[in-house]
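could you look at this predicted model? Sequence included:
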2 protein chains.
Amino acid sequence: MGKQSYAIIGSGALGGLYGGMLARSGFEVHFLLHSDFDHVVENGLRVESPLGDFHLSGVNAHRSVETIPSCDVTIVGLKTTRNGLLKDLLPRPTRDGGVVLVLQNGLDIESDSVAVVGPDRVLGGCCFLCSNKVGPGHIRHLDYGRIVFGEYGIVVDEVTPRASRIADEMVSAGIDAQPTENLLLARWRKLMWNIPFNGLSVVLDAPTDQLVEDRDAVKLVEEIICEVHSAAHACGVDVPDEMIDKTIEVTRSMVPYDSSMRLDYLNRRPMEIEAIFGNPIRAAEAQGASMPRVEMLYRELKFLDARNVD
Amino acid sequence: MGKQSYAIIGSGALGGLYGGMLARSGFEVHFLLHSDFDHVVENGLRVESPLGDFHLSGVNAHRSVETIPSCDVTIVGLKTTRNGLLKDLLPRPTRDGGVVLVLQNGLDIESDSVAVVGPDRVLGGCCFLCSNKVGPGHIRHLDYGRIVFGEYGIVVDEVTPRASRIADEMVSAGIDAQPTENLLLARWRKLMWNIPFNGLSVVLDAPTDQLVEDRDAVKLVEEIICEVHSAAHACGVDVPDEMIDKTIEVTRSMVPYDSSMRLDYLNRRPMEIEAIFGNPIRAAEAQGASMPRVEMLYRELKFLDARNVD
């Protein structure tokens, strides 16, 4: 079985890193680029990582999906705030029978890709990753890096062959890829980090290390994590209890980090509020569960976002 | 019955305005001043107000309480964050049998004055007032101005003679003073404004008009007001239900206003977090009532305060 080809839609902190690692290992990888296109054509892609720095020249860079050949796997690394673009971006690079792997933050954010390519061709994944794009074609991977991914919308008995195959290829490229039978579990587990730390880092204008060092902030983080944990349970997803404490411990031992939402806010880009807050709140509400602190954070963020984006 | 004499401890936006109005009407008023002392001695006190601007020369200005003669009424207009000073500031200007009128924000903040002069000599009051000190000896009164005040720690059958007398004198000086049999009711009613608007104006970095104009912020304001209203009920204080909507309506028709807490925050002064948030939260908790959104705001403010104050 030959190597699969990959199209990277959204070549930022996440798409640039994982796509770069796949390309370095000899996979055919096509990158869709906008503002960085000229720079990457001329200078290639530069990745700094605790796993080893590398530089890729001769990158398959594309300014438009029109020039991307049909690929086996299309990785969506765009911000969810740009999901309106997917109807134009997904059909061309995704070959008949190929799959879309949605590596976006939040809950139920795969539905936008499903609307374009159909329900049977979408996998979703969560990245437990500290990585930033620090300049054109320049990714700085700081810490962690696991991708947990699986079939969207169903819990399966065992990992499907197509998920296994992607995982194997990623692992061969040095990526900590972990296929799962239960994507929703991974999604809610990730939300237990994203909701408190993305939200509070914006509202309190603080990187993660300041939040876990302060008594009041860490108490808030805890209360919010518990709300998310209970909401997951109401939605039929049982995240192990020990993940409550572990989520904070992991952040304590993390490098000081600006969450993606904080970076978006500081750079006056729209924040992924509906994906990370709105969708989980609505999913919980549909099951009769409420998350008062999460809802408060949601409204605070919407107020700040409305004033922040030009 | 002659006119009473007044000592003003804390001659800022509030003490400067009300003390100034009393002095203008011929009452003997002594002002304790710190940084503004020299300016006021030289230039007097300047008040801009929709009720009429005025300028007072020949102000009884004092740099220390040592030079203030014994007065009938000592008005405390300090920030509650400085209540540690009261043990040195109250005994001297308050004559035997004189009373202390505590015009501070928050709940149970009279207890610090009670600890100095005893339980029978303390009145408390809430000011429904938009006023700022805009320069040395320069007060800008913007809107509203009612003082509701009464005996501390007890609900009385009717307004006490000493409260009546102060009210009559204040009214004669043009102040909208309203004595009450139930100070706690006034305190909780004021908290229904102070808790949402002081808190959110700091966390969301916005003046009051921006909060009531935004759909998400005003929803948050509403939810928080309802929490405070329920907590008051749990504490045996029944604020009429219509005050929930009225609190927002009043703010809509208010001039755009920076709450005192926002001004403190912007000027890197400690915020009155325990008076306005901590004490009401603890009072509610003691009655088995919880205010999750208020507690969240409390923790957010404590985090911001700890980073803000030098």
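Looks like it came in fine. Fair warning: this is a prediction, and the values are worked out from it, not measured in the lab.

can you name the residues of the stretch 101-250 of chain A sitting close to chain B?
A:200, A:203, A:204, A:206, A:210, A:214, A:216, A:217, A:219, A:220, A:223 (Cβ under 8 Å from any Cβ of the partner chain). Bear in mind the C-beta positions are built from the backbone N, C-alpha and C, glycine included.

got the phi and psi for residue A:271?
Main-chain dihedrals, residue A:271, degrees, to the nearest 10: phi -90, psi 160.

from residue A:260, how far off is residue A:205?
Residue A:205 sits 15 Å away from residue A:260 when distances are taken as Cβ to Cβ, to the nearest Å.

with neighbour numbers in mind, choose between the two.
A count of neighbours by other Cβ atoms under 10 Å in any protein chain shown puts residue A:260 above the other of residue A:205 and residue A:260, at 24 against 17.

can you list the residues that contact stretch A:193-202?
Outside stretch A:193-202, the residues within contact range by Cβ atoms under 8 Å, 6 or more residues apart in numbering or on different chains are A:105-106, A:128, A:206-208, A:211, A:217, A:220-221, A:224-225, A:228, A:247, A:250-251, A:258-262, A:265, A:271-272, A:276-277, A:280, A:294, A:297-298, A:300-301, A:304, B:300.

same thing but 7 Å
For stretch A:193-202, contacts defined as Cβ atoms under 7 Å, 6 or more residues apart in numbering or on different chains pick out A:105, A:207-208, A:211, A:217, A:220-221, A:224-225, A:228, A:247, A:251, A:258-262, A:265, A:271, A:276-277, A:294, A:297, A:301, A:304.

confirm that residue A:237 sits in a strand.
No - if the criterion is DSSP: H, G, I helix; E, B strand; the rest coil, then residue A:237 is coil and not within a strand.

the strand or helix carrying residue A:282 near chain B at all?
Residue A:282 is part of helix A:279-286 when elements are defined by DSSP states H and E. No - using Cβ under 7 Å from any Cβ of the partner chain, helix A:279-286 stays clear of chain B, with a minimum separation of 12.5 Å.

buried residues in that helix?
A:279, A:280, A:281, A:283, A:284 (16 or more other Cβ atoms under 10 Å in any protein chain shown).

will you turn those residues into TSV that also has pLDDT?
Listed next are the buried residues of helix A:279-286 as TSV, based on pLDDT from 0 to 100:
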residue	pLDDT
A:279	98
A:280	98
A:281	98
A:283	98
A:284	98
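
from those, pick the one nearest residue A:148.
Closest to residue A:148 out of the buried residues of helix A:279-286 is residue A:280 (17.3 Å), distances taken as Cβ to Cβ.

helix/strand/coil for residue A:202?
Following three-state DSSP, the label given to residue A:202 is helix.

gap between it and residue B:89?
Per Cβ to Cβ, residue A:202 is found 41 Å from residue B:89.

where does chain A have low pLDDT?
Across chain A, the ranges flagged by pLDDT under 70 are A:310.

can you list the domains in it?
Annotated domains of chain A cover A:6-181, A:185-308 [automatic domain parsing].

burial measure for the closest residue to chain B within the stretch 51-200 of chain A, as a count.
Closest approach between the stretch 51-200 of chain A and chain B, counting by Cβ to the nearest Cβ: residue A:200, at 8.0 Å. The number of residues packed near residue A:200 is 29, by other Cβ under 10 Å.

ok, now residue A:255?
Using other Cβ under 10 Å, the number of residues around residue A:255 comes to 12.

just to confirm, which helix or strand has it in it?
Using DSSP H and E, residue A:255 sits within no helix or strand.

can you check residue A:191 too?
Going by DSSP H and E, residue A:191 is part of helix A:183-203.

quick one, strands of the stretch 151-300 of chain A?
Using DSSP state E, counting those that start in this stretch, the strands of the stretch 151-300 of chain A run over residues A:177-179.

which stretches in it count as helices?
Here the stretch 151-300 of chain A has its helices, by DSSP state H, counting those that start in this stretch, at A:161-172, A:183-203, A:208-213, A:215-234, A:242-252, A:260-266, A:273, A:279-286, A:292-308.

which of the residues in the first one are buried?
Judged by neighbour count using 16+ other Cβ under 10 Å, the buried positions of helix A:161-172 are A:162, A:163, A:165, A:166, A:167, A:169, A:170.

same check, this time on the fourth one
Along helix A:215-234, the positions that meet the burial threshold by neighbour count (16+ other Cβ under 10 Å) are A:216-218, A:220-221, A:223-229, A:231-232, A:234.

re the thing from before, nearest to residue B:239, out of the helices of the stretch 151-300 of chain A?
The closest of the helices of the stretch 151-300 of chain A to residue B:239 is helix A:292-308. By Cβ to Cβ, the value is 21.3 Å.

for residue A:139, give the beta-bridge partners.
Per DSSP bridges, the residues bridged to residue A:139 are residue A:47, residue A:133.

need the contact list for it.
Applying Cβ under 7 Å, 6+ apart, the residues contacting residue A:139 are A:13, A:16, A:17, A:20, A:47, A:131, A:133.

which ones are touching residue A:143?
Residue A:143 neighbours (Cβ under 7 Å, 6+ apart): A:130, A:254, A:255.

cool, residue A:297 as well?
So residue A:297 contacts A:199, A:203, A:277 (Cβ under 7 Å, 6+ apart).

and these as CSV, adding neighbour count?
Below are those laid out as CSV (neighbours: other Cβ atoms under 10 Å in any protein chain shown):
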residue, neighbour count
A:199, 27
A:203, 24
A:277, 28
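
nearest to residue B:33 among those?
Of all the contacts of residue A:297, residue A:203 has the smallest distance to residue B:33: 37.8 Å, by Cβ to Cβ.

okay but the closest one is in contact with residue A:298, surely?
No - counting by Cβ atoms under 7 Å, residue A:203 stays clear of residue A:298, with 10.5 Å between them.

tell me the buried residues in stretch A:138-158?
Those buried within stretch A:138-158 under the rule 16+ other Cβ under 10 Å are A:138-145, A:147-152.

check stretch A:205-215 too.
Counting neighbours by 16+ other Cβ under 10 Å, stretch A:205-215 gives A:205, A:206, A:207, A:208, A:210, A:211, A:212, A:214 as buried.

and stretch A:98-106, end to end?
End-to-end distance for stretch A:98-106: 24 Å, by Cα to Cα, to the nearest Å.

just how off-centre is that stretch within its chain?
Counting by Cα atoms, centre = their mean, to the nearest Å, stretch A:98-106 is centred 8 Å from the centre of its parent chain.

contact partners of it?
By Cβ under 7 Å, 6+ apart, stretch A:98-106 touches A:14, A:70-77, A:80, A:90, A:94, A:109-110, A:113, A:117, A:121-125, A:127, A:147, A:149, A:162, A:166, A:194, A:260, A:272, A:275-276, A:279.

got a PyMOL select line for the buried ones in the residues you listed?
Here is the PyMOL selection string for the buried members of the contacts of stretch A:98-106, based on 16+ other Cβ under 10 Å:
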select buried, chain A and resi 14+71+72+73+74+75+76+77+80+90+94+109+110+113+117+121+122+123+124+125+127+147+149+162+166+194+260+272+275+276+279
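
on the three-state scheme, the residue nearest to the spatial centre of chain A is what?
By Cα atoms, centre = their mean, chain A has its centre lying nearest to residue A:104, at 3.4 Å. Secondary structure, three-state DSSP: residue A:104 is coil.
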